[in-house]
Each structure stands twice: as structure tokens, then as C-alpha cells.
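*Asks:* okay, sequence plus prediction incoming.
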Amino acid sequence: MKEMLARNISIYRKERGLTQEELARRLGLSFQAVSKWENAQSMPDVALLPELSRTLQVSIDKLLGYALQEKSITIYEEEYQSGNYYWGTEPNAACYEVLKAMPPVKRLKLLDIGCGEGKDAVFFARNGYDVSAFDVTDAGIGKTKRLAEQAGVQVNVFKADILDYRLNAHYDILYSSGVLHYIKPDFREDIFDNYKRFTSPNGMHCFNVFVDKPFIAPPPEKEPYAYKWHSGELLSHYRDWYIEDSSEIVFDCNSSGIPHQHAMSTIIAKKVAALSSL
């Protein structure tokens, strides 16, 4: 719990735009006390939690890691309530790139980040990967479980918010499609460092992000918690990895019933072990 609380204090402090000194001043403490909290060297006194919660504008439960999301952060929570699969059940084309790049000739642990209704996670499980997946929507998690049951496969699916969740176990493959725009720019370096650290040697990331282009109109879906990426930004997180693919496309979309376009950057990168110095 100490490590989770430390991380959450740091995350929500930065989200509120506060320095350690400013948070300490509001709580009547020294900034060294806040620094020790965020480095997991100590924990706040229980009597401080209500004021800390109010200052950081987050519940005590969520601060301690027990609550997930108190309000909807994606427009798709409501869409997933229907009986139909909003995105269909056919896997994303990127799934086949994973199969080609790292076929499951041995046990490979794969994490689907923001699995939605589970079509890609279930595809990977059907093809022999050891699959875990998370999403922030209860409806999406429920649909993922049902789709896995129908396919007769096991997917370890759980609820998590991409902004809050950090890996604490290693995976061979990290995969995410159409989700990373929910990561605020200020948190991207921290989150990607965590993803890379908990990727096994010779493991792989297969990610895509929507990128902002001045010649493409904004999408009709109004997502208040989506944040723009720029061309080359995703690639910049992998300067120390082997790049198998870093492409960008513009494609037509009709997901909302209104024809529109998206620009998307893709990265397929492998964590190649560094050469030891002589």
C-alpha cells in the first residue's frame, strides 16, 4: 500500500498543478514530509488523509488505491451498454502484426491496455497467448468476459484507469489500440517508462495513437478526457529500443455514424538487451 499511496499522491499533486512545497504549505507541513511520502519512505498520518483528500480533489479510497473512477472518463461507457459490440468482434489489423513479430511458439504474457469490449484480447487468447487486459468501463469488462467465454478461452480482465495504473509484473508483449490519447501529456514519460521497465528482455510493444493534423477536422465524438498526440511523439519514447515499424496513416471512420477521418501513428518496437561493456 505504501508504494501505491506514494505514487497516487505524486500523480494527483501534479494533476492539481501543485509543487511539493505548495502541497506541504496547504497541509501545514515541511516539503520534506511530502517528499518522503512520494518516495515511499513514510506515510501520511491517518488524521491528515481527509485534508489531503480535499486538497488533491480525490477520495481517500481512490488515494489509497481502492476506488477506480468516480466519473465516466470515456464516452464509450454508455455505448458499451448495448447488446451489440460497438467495435464489432473482428480483431484490429495490428493484432496480425503481433502474431507475425512474436508468434506464441512458447508461453508469452500479453497485456491489452484499454481492451474496450475485448475483441483483440480474445483474439490473442484464441491464438495461444497468456492474456491479461484492463479497461476503465464496467460494460467493456463484462463484454470482454462474455466474449472470452463464448470463445472458450481465458482472459484475465480487470478494471483500471490508464492514468492511475502502473505495471508491477513483467510482460512479453504490451498492446494497445485507440486508447493512449487518454494519457495526459504530463504523464506520458512516467507511464511509458513504467511500461518499458516491466517489459521482459526481447519483449515488444505494439501501440497506436491518434495524431493531430491541421488538414483533418476534429472527430464528431466529443471526448472531454482525450489529449492530442503529435507526429513523432510516440516514436520519441523508444529511442533506446529496436524499431520494427513506425508508420503513420490517414483512414476513414464511421464509428459514430458520421463519416470522418483520423490520422494515426503506429509503433512496433522491441526491447533488445544492451551489449555488455568490455
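*Replies:* Nice, thanks for sending it over.

*Asks:* quick one: the helices in the stretch 101-250 of the chain, in order.
*Replies:* Assigned by DSSP state H, counting those that start in this stretch, the helices in the stretch 101-250 of the chain fall at 119-126, 138-151, 185-197, 233-236.

*Asks:* now those helices in JSON lines, with distance to Ala217, mean pLDDT and mean neighbour count?
*Replies:* Where C-beta positions appear, they are placed from N, C-alpha and C, glycine not excepted. Shown next, in JSON lines, are those (distance: least, CB to CB, whole Å; pLDDT from 0 to 100; neighbours: other CB atoms under 10 Å):
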{"stretch": "helix 119-126", "distance to Ala217": "27", "mean pLDDT": "98", "mean neighbour count": "24"}
{"stretch": "helix 138-151", "distance to Ala217": "27", "mean pLDDT": "94", "mean neighbour count": "19"}
{"stretch": "helix 185-197", "distance to Ala217": "22", "mean pLDDT": "94", "mean neighbour count": "15"}
{"stretch": "helix 233-236", "distance to Ala217": "21", "mean pLDDT": "97", "mean neighbour count": "17"}
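
*Asks:* turn those helices into a markdown table, columns for distance to Arg16.
*Replies:* Below are the helices of the stretch 101-250 of the chain laid out as a markdown table (distance: least, CB to CB, whole Å):
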| stretch | distance to Arg16 |
| --- | --- |
| helix 119-126 | 34 |
| helix 138-151 | 27 |
| helix 185-197 | 12 |
| helix 233-236 | 24 |
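
*Asks:* so which of the ones you listed is nearest Leu29?
*Replies:* Across those, Leu29 has its closest neighbour in helix 185-197 (23.9 Å, CB to CB).

*Asks:* now do that closest one: everything it contacts.
*Replies:* 11, 14, 162-163, 166-167, 174, 183, 205, 227, 237, 241, 271 (CB atoms under 8 Å, 6 or more residues apart in numbering).

*Asks:* could you give the separation of that helix from the chain centroid?
*Replies:* Here helix 185-197 is found 10 Å from its chain centre; the criterion is CA atoms, centre = their mean, to the nearest Å.

*Asks:* show me where the chain has strands.
*Replies:* For the chain, applying DSSP state E gives strands covering 109-113, 130-135, 155-159, 171-176, 199-211, 242-253, 260-270.

*Asks:* looking at those strands, which is closest to Val46?
*Replies:* strand 155-159 (26.5 Å).

*Asks:* OK, contacts around Ile249?
*Replies:* Here Ile249 is in contact with 263-264, 266 (criterion: CB under 8 Å, 6+ apart).

*Asks:* again, only using 10 Å
*Replies:* Going by CB atoms under 10 Å, 6 or more residues apart in numbering, Ile249 touches 208, 211, 262-266.

*Asks:* now swap in Ser247 and tell me
*Replies:* Applying CB under 10 Å, 6+ apart to Ser247 gives the contacts 208, 264-268.
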